[in-house]
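Undergrad: Turn this into a structure:
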Amino acid sequence: MRKYAHLFFIHTLILLGLSACIGVPISYYDATTYIQLTSLKAETTTLVESFDSKPYAENQAKVEATTLSLKKAYEYEKGKGEPNSDTTKQFTTITGLFMDDVKEYKEHGPGSLGPKYFQEASVVLGQAFDIAIATENLKNKDKR
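TA: All right, here's what the predicted structure looks like:
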């Protein structure tokens, strides 16, 4: 149970941090952002789930490609300026969670933190994406 306390703590911080973004002026809805968020959610959560069963060497190329995809998405959001700071912060949080999972994976390998540790980590990561997706859906869709 102790091994999941770390995930619960991170989950709580995500919810608090991302909910604080509600008061920030929002930018207009962007279909590209929505597509990036939903695609990256599927890509990163599936990859993190695989950390429970595959050695790092088998996933290294996927980890590097996913890291690059997250960085590109962040730069796209950052380029939209201050009104989009909520989504930029959410990408920072999501990338941080992913990189924390990768670090644990590289240091401990599959199974050493529990047989389903990364499956649970994937759920937390998915929840962070869900918050960012919901934020994007709340944006003003009048200007397209």
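
Undergrad: Report the central residue of this protein.
TA: Ile94 (2.8 Å; C-alpha atoms, centre = their mean).

Undergrad: so it makes contact with Ala128?
TA: Yes. Contact criterion C-beta atoms under 8 Å: Ile94 and Ala128 qualify, at 5.0 Å. For glycine as for every other residue, the C-beta is placed from the backbone atoms N, C-alpha and C.

Undergrad: Show me which positions of the helix or strand encompassing the residue nearest to the centre of the chain end up buried.
TA: If you go by DSSP states H and E, Ile94 is part of helix 85-108. Neighbour counts over helix 85-108 (16 or more other C-beta atoms under 10 Å) mark 85-91, 93-95, 97-98, 101-102, 104-105 as buried.

Undergrad: Heading C-terminal from the least confident helix or strand in the chain by mean pLDDT, find the next helix or strand.
TA: Least confident helix or strand, the chain: helix 2-19 with a mean of 59, by mean pLDDT, DSSP states H and E. Counting by DSSP H and E, the element after helix 2-19 in chain order, helix or strand, is helix 31-50.

Undergrad: contact partners of that next one?
TA: Here helix 31-50 makes contact (C-beta atoms under 8 Å, 6 or more residues apart in numbering) with 59, 62-63, 66, 69-70, 73, 76-77, 87, 94, 98, 101, 118-119, 121-123, 125-126, 129-130, 132-133, 136-137.

Undergrad: Tell me how many other residues surround Leu138.
TA: Leu138 is flanked by 12 other residues according to other C-beta atoms under 10 Å.

Undergrad: picking up where we left off before, give the other helices and strands that the helix holding Ile94 contacts.
TA: Other elements packing on helix 85-108 under the criterion 3 or more C-beta pairs under 8 Å, 6 or more residues apart in numbering; DSSP states H and E are helix 2-19, helix 31-50, helix 56-78, helix 117-138.
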